[in-house]
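1. okay, here's the prediction I keep looking at, along with the sequence it came from:
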Amino acid sequence: MADFDLEDLVDVEQTFYNSGYEDGFAHGRIHGLIEGRALGKEKGFEMWEEIAFYEGFARAWVAFYALTGWTDDRVMHHARQLLDITSHFPRVNPSTSLTGSDDDGVDISALQRQTRSRYKLLCATLGIRPSLRAADVDDDRMDDADGANRDKRKKNVWKVEGPPIPKSEQGLSF
C-alpha cells in the first residue's frame with residue numbers, strides 16, 4: 001500500500017480533462033483546416049466569378065469599339081482602366097506560394113471596391129444600368145399539341161437603357 005499516491009487520485013479529473021482537451025484541439029484543428037479551405041474555395045470562386053464578369057464586360061466593349069470603328073475616348077479609357085485593375089488581382093493562393101511573401105501587400109478588398117467603382121463608371125459612360133445578377137433558370141420551353149418542345153422566346157442578355165426619366169413632383173407627365 002506504500003505505492004498508492006493520493007495526489008494521483010485527486011488529479012484524475014484534471015488528467016482526463018487535459019487528455020480530452022488535447023485530443024479535441026488536434027481534431028478541431030484538422031477539421032477547421034478542412035472547412036476553412038472549403039469556405040475559402042467557395043468565397044474565392046464567388047469573387048473570381050464577379051471579377052471575371054467585369055473583365056469580360058470590359059473586353060467585350062473594347063472589342064466592340066475596335067470592330068465598329070467607333071471612337072469614344074472616355075469609354076475606351078474606362079474599359080482599359082477596368083482591365084488594368086482586374087489584371088492586378090493575385091492569381092495564386094498566397095498561403096501556398098513558395099516565396100512566402102505577402103503577395104506584395106495586395107489589398108484584395110480595396111481592389112474589389114475599385115473594380116466595382118470602375119465598372120459602374122464604365123456603365124454610366126455607356127448608358128447601361130450596372131448589375132451583376134445570376135441568369136434566370138426558368139424553363140423557357142413549352143410543349144406544343146403534338147408534344148414537341150418549342151422555345152417560347154429569346155431573352156436579351158441585358159436591356160440597354162438610357163438615363164432614367166425624371167418624374168415631376170406633382171405626378172404629372174406631359
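-> Yep, that arrived. Note that this is a predicted model, so its numbers are computed, not measured.

2. what about the strands in the protein?
-> All strands of the chain, identified by DSSP state E, fall at 141-143, 149-151.

3. helices of the chain, start to end?
-> For the chain, the helices defined by DSSP state H cover 6-10, 12-68, 73-87, 108-126.

4. mean confidence for the second one?
-> When pLDDT is averaged over helix 12-68, the result is 91.

5. out of the strands of the chain, which gets the lowest mean score?
-> strand 141-143 (a mean of 48).

6. list the residues that contact residue 65.
-> Contacts were defined as Cβ atoms under 8 Å, 6 or more residues apart in numbering; by that measure residue 65 touches 71-72, 75-76, 79. Backbone N, C-alpha and C define where each C-beta goes, glycine included.

7. and the two most separated of those residues?
-> 71 and 79 (12.8 Å; Cβ to Cβ).

8. neighbour count for these two, which is higher?
-> The residue with more neighbours, out of residue 71 and residue 79, is residue 79; 25 against 8, by other Cβ atoms under 10 Å.

9. got the contact list for the more buried one?
-> Residue 79 sits next to 58, 61-62, 65, 122 when contact means Cβ under 8 Å, 6+ apart.
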